[in-house]
Structures are given as structure tokens and as C-alpha cells.
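Visitor: give me a model of this one.
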Amino acid sequence: LGDALAATSIHGMAVSVTLANPHMADCPLIGCSAGFTKITGYTREEIVGRNCRFLNEGCDISPVVRTKLRRSAISGAEFIGVLMNR
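Guide: The predicted model follows:
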């Protein structure tokens, strides 16, 4: 699927979903669902083109949890932990 088609396919979803393109520099978000905009207050225009790291601003994550999460993302192994939200 092309980025536009993939992003359009999630627009109307009530659940919170974002879609990123890992083949682009810094893995920018290319779309989000209506549920995401409702929950976060961000508009599509505000998030498209940005890396999702901005969502972590103001959220402290311990180095141990960050390492476990990174290893899980790389290996595909499960991650069980608590990530605080704003």
C-alpha cells in the first residue's frame, strides 16, 4: 500500500492508532485515526511528518524500562511494563 492509502485506511477508526513510515528518515508519522485525535487533542496536521517521540515529552521513563522496551522492539519479544502517560 502507498502511504496515502495506508494512512487513509485508519482515519475513521474510533480506536487510537498512528501510522509511521520506517523507510523514511526519522520514521515520521504519516497518519492517525479519529480516535487518536480525540484522545490526544492533536490534529493530523500537527502530527504528520513528526517522529512519535514528541508524545513522550514530559513523561519520565527509567533507563531500565527504556532499555527493556528497546530490546523488545528490536527482537519482537513481549514487553510487560508500565509507561506513564501525561
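
Visitor: lowest-scoring secondary structure element of the protein by mean pLDDT?
Guide: In the chain, no helix or strand scores lower on mean pLDDT, DSSP states H and E than helix 3-10, which sits at a mean of 69.

Visitor: now the residue located most distally from the centre of the chain: how far from A73?
Guide: Relative to the centre of the chain, the most outlying C-alpha is that of V64, 20.6 Å out, by Cα atoms, centre = their mean. Noted for V64: a distance of 15 Å to A73, by Cβ to Cβ, to the nearest Å. Yep, even glycine has a C-beta here, placed from its N, CA and C like the rest.

Visitor: name the single longest helix found in the chain.
Guide: helix 63-75 (DSSP state H).

Visitor: in this protein, which spans are helices?
Guide: Shown for the chain, the helices assigned by DSSP H span residues 3-10, 34-40, 44-47, 63-75.

Visitor: possible to save those as TSV with distance to V17?
Guide: Supplementary listing: the helices of the chain in TSV, determined by distance: least, Cβ to Cβ, whole Å:
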stretch	distance to V17
helix 3-10	5
helix 34-40	6
helix 44-47	12
helix 63-75	17
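
Visitor: and the gap between the residue farthest from the centre of the chain and H11?
Guide: For V64, the distance to H11 - Cβ to Cβ - is 37 Å.
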